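*Asks:* Have a look at this prediction, sequence included:
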Amino acid sequence: MAVLLFVGCTAEQDSADRKLLQEQAAKVESLQEQVADLEARITTTSMAPPPPTTTAEPLPTAAEVFAAASPSVVYIEVPDGTGSGIVIADGWILTNAHVVGRYPEVRLFTSAGEIADVPVHARDWLHDLALVGPIPGPAGEALSPLSLTSSEGVRVGEAVYLVGFPGEVETEPNATMTAGILSRRRRQPCLDVTFLQVDALIAGGQSGGALLDERGDLIGISGLGGFSESNFGLVFAAEDATRILDPLYHPDGGTPEPAGRKRQEATVDYYDSAAFLVTVTEAVPDLSIRASAPSGADVWLSIDTPDGYPPISAYDADEVDLLFGAPFGEEDPNAFYADAHLEGEGEVLEVRLLPGRYVVSVGYWSLADSDSIELTASHLLVPLGDPENGSSILRAGDTETGVIGHLADTDRFRLDLGADEQVLLQVDSLGDPVMSLYLDDVLVASNDDAGTGLYGAGASMVVVAPVSGTYDLDVGMFGDLPAGYRVTVLTGEAEACR
């Protein structure tokens, strides 16, 4: 009996052992298959080429940047100056307003050759930008445009390039490139624009040229020359130019220049002047002007350059001593201003001038509200518009823009103020504005160089009205002209925009 039990147990155990061995063999086989699959994957991966690595595209050299951009920068010439311009889309040229000045047409020298009598389409004196053209037909189609991009991605310290025509005197001008770095950004929050400060000096003739980053992208339009003893230049940021450009295509009052006449009449306010443009040619350099008031008022008469400086007389070759100058050694400072301080008498100026455009201004000494003045000239006189003549009434919260168009120009705004009312008056400009507040022609307050604006030359003052009434706010400008400005009236404890 015991033997039978032993035998049965052995057979059963043998069967269990075989099953266990079979399971273990199956596990080993499965593990071997996994190992083989893993080895195959490792071998395939090791034999595959490494994934491609991405490398930054190399920056163009300075020579490559110049070669690509210079055909899109043009030389601009007017009778009394030169500058640069940038070809943008559809044959338009973007430049500075002070480059084209008061001239209705300019001469261009482009990569395709000379193009004469190209019209000035629009000017923005507030931002000192102008649009010339469009250049029609094949001449315009042959020009390669540059696209305005943005300067926001350019870091301080990165390389920048200026392309333009500084100091050009050749009959067939050649573009020039200077290199520098972006030194800093100068924000003008009062006018909502940014200027790029660069150490690539902006010389005469460079205005209106292109500022390019190290990739060759157009990031600015050069315009404001060196400032301070460090000779930095300020360049108008391209992103702001893009925003301002659209209105220039459709300017307000974009009518042709009025026809000139040798006899003109103007109604002038006592605090202001009337102005006319006159063009002097090499063929007819002698200019004669007479002004008088039918009322007999004491009038004055002056001639200035459009940018607000005394003209230069032209002399025949035998009239000038090349060592010691004009006939009397120095220019007569009164040669371009006439005022004998006599009522009932007119004023006469007779001068010989170099070719160019000039501004003839006339006014009178009286506290009469306005008077009529008649002018007679040897050349055609073109009326110079002056819309800011006292018709605008400003209230707290209002903002108005205007242009000081010539040296004797004064713009007037009216303010209705209550007794003890406090207001902040501010005038911002790329120029040097000044303002004065009057009540019944008595000075209440005046301000200049308040530390606001791009150069700190803005005007700003807090005024408490002594009595209720309508006050007169007069705005003028020092330095280069024409210059646009923005006047703002704020209430209470408001702080000046800086």
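*Replies:* Structure received.
*Asks:* for residue 391, helix, strand, or coil?
*Replies:* Taking DSSP: H, G, I helix; E, B strand; the rest coil as the rule, one finds residue 391 in the strand state.
*Asks:* burial count for it?
*Replies:* If you count neighbours by other C-beta atoms under 10 Å, residue 391 ends up with 9. Backbone N, C-alpha and C define where each C-beta goes, glycine included.
*Asks:* same question, residue 239
*Replies:* 16.
*Asks:* and if you look at the one 10 residues further on?
*Replies:* When neighbours are counted by other C-beta under 10 Å, residue 249 registers 13.
*Asks:* Thought residue 131 was touching it, still the case?
*Replies:* Yes. Using C-beta atoms under 8 Å, residue 249 is in contact with residue 131, at 6.9 Å.
*Asks:* what do these two both touch?
*Replies:* Shared contacts of residue 249 and residue 131 (C-beta atoms under 8 Å, 6 or more residues apart in numbering): 121-122.
*Asks:* Angles on the backbone of residue 174, please.
*Replies:* When read as degrees, to the nearest 10, the backbone of residue 174 gives phi -120, psi 130.
*Asks:* how far away is it from residue 123?
*Replies:* 27 Å (C-beta to C-beta, to the nearest Å).
*Asks:* More neighbours: those two, which one.
*Replies:* Counted by other C-beta under 10 Å, residue 174 and residue 123 do not tie: residue 123 has more neighbours, with 24 against 10.
*Asks:* Check which helix or strand the more buried one maps to.
*Replies:* strand 113-124 (DSSP states H and E).
*Asks:* can you list the residues that contact that strand?
*Replies:* In contact with strand 113-124 (C-beta under 8 Å, 6+ apart) are residues 92-93, 97, 100, 103-109, 129-135, 139, 244, 247-249, 251, 254, 484.
*Asks:* Report the buried members of those.
*Replies:* 92-93, 97, 100, 103, 106-109, 129-135, 139, 248, 484 (16 or more other C-beta atoms under 10 Å).
*Asks:* Helices of the stretch 201-350 of the chain, residue ranges please.
*Replies:* Assignment of helices within the stretch 201-350 of the chain using DSSP state H, counting those that start in this stretch yields the ranges 238-249.
*Asks:* which residues of it fall in strands?
*Replies:* 210-213, 218-227, 232-237, 261-269, 274-280, 286-292, 299-304, 337-338, 347-352 (DSSP state E, counting those that start in this stretch).
*Asks:* Of all these, which one is nearest residue 163?
*Replies:* Closest to residue 163 of the strands of the stretch 201-350 of the chain, according to C-beta to C-beta: strand 210-213, at 4.8 Å.
*Asks:* Work out the gap between the closest one and the centre of the chain.
*Replies:* 15 Å (C-alpha atoms, centre = their mean, to the nearest Å).
*Asks:* That one pairs with which strands, and in what direction?
*Replies:* strand 159-164 (antiparallel), strand 218-227 (antiparallel) (DSSP bridges).
*Asks:* Adding mean neighbour count, write those strands out as TSV.
*Replies:* Shown next, in TSV, are the strands paired with strand 210-213 (neighbours: other C-beta atoms under 10 Å):
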stretch	mean neighbour count
strand 159-164	24
strand 218-227	23
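*Asks:* ranking those by mean pLDDT, which is last?
*Replies:* Looking at those, the lowest mean pLDDT belongs to strand 218-227 (a mean of 81).
*Asks:* between it and helix 238-249, how big is the angle?
*Replies:* Counting by axes from the mean of the first three to the mean of the last three C-alpha atoms, to 10 degrees, strand 218-227 lies at 100 degrees to helix 238-249.
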